[in-house]
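# Sequence first, predicted model second:
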Amino acid sequence: MTSLFKQMMETGGFSVDVFNDSAGALRNFKPHFYDLVMLDLVMPKMDGFDLYRELKKQDPDVNVCFITASGQHHEDLRKEEYRTLDKALFLYKPMNMKTLLAEINKRIK
C-alpha cells in the first residue's frame, strides 16, 4: 500500500517519504522539512495519535493530517487529550486520487 501511495503522490508532483510503521517514521523524521505529514491512525508499534505527539515534540509547527477508514473508527480511537483536534485534520479512506491531491494541496497552502 505504501509503495502505491508513494507512486501516486510522486505522479501528482510531490516528493514523498513513506514508512510502514510509526517507529521508522519517527526515527527518520526531519524537523522543519516536510510541508505535510500524513499519518494513518492504525499503525504498528504506536498509533497515529502517539506518533503525532512525538513529532510535535521535535517540530511544534509540523503540519499533520490523519488518515482513517471511518469517522466512527477515529472517534473510538481518540484519547481524551486528542478530543480537541479539529475534525478537518482527518481524511477518510477511500478517496480517489484527484480528491486526495486536492486535499493535500489545500493543506500545504
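Right, received. Where do you want to start?
# Might you report the residue contacts of residue 63?
If a contact means C-beta atoms under 8 Å, 6 or more residues apart in numbering, then residue 63 has 34, 35, 36, 37, 107, 108 as its contacts. The way it works is simple: take the backbone N, C-alpha and C, and place the C-beta from them, glycine included.
# how far away is the second one from residue 45?
I take that to be residue 35. When distances are taken as C-beta to C-beta, to the nearest Å, residue 35 and residue 45 turn out to be 25 Å apart.
# Any idea how many residues pack against residue 64?
Residue 64 has 18 neighbouring residues, counting by other C-beta atoms under 10 Å.
# Partner strands of the helix or strand containing residue 91 and their direction?
For residue 91, the enclosing helix or strand under DSSP states H and E is strand 90-92. Counting by DSSP bridges, the strands paired with strand 90-92 are strand 64-68 (parallel).
# thinking again about what came up before, from the contacts of residue 63, list just the buried residues.
In terms of neighbour count (16 or more other C-beta atoms under 10 Å), the buried residues within the contacts of residue 63 are 34, 37, 107.
# Spatially nearest residue to the second one (excluding sequence neighbours)?
Right, residue 37. Of all residues beyond its chain neighbours, the one nearest residue 37 is residue 64 (4.9 Å), with distances taken as C-beta to C-beta, 6 or more residues apart in numbering.
# which intervals of the chain have sub-threshold pLDDT?
Counting by pLDDT under 70, the low-confidence segments of the chain come to 70-88.
# one more time with 90
Flagging of the chain using pLDDT under 90 yields the residue ranges 1-9, 11-12, 20-21, 40-49, 66-104, 106-107, 109.
# Can you show me the helices along it?
For the chain, helices defined by DSSP state H occupy the ranges 2-11, 22-28, 48-58, 71-77, 97-108.
# Wait, residue 107 touches residue 65, no?
Yes. Shown here, residue 107 and residue 65 form a contact pair, counting by C-beta atoms under 8 Å, at 5.7 Å.
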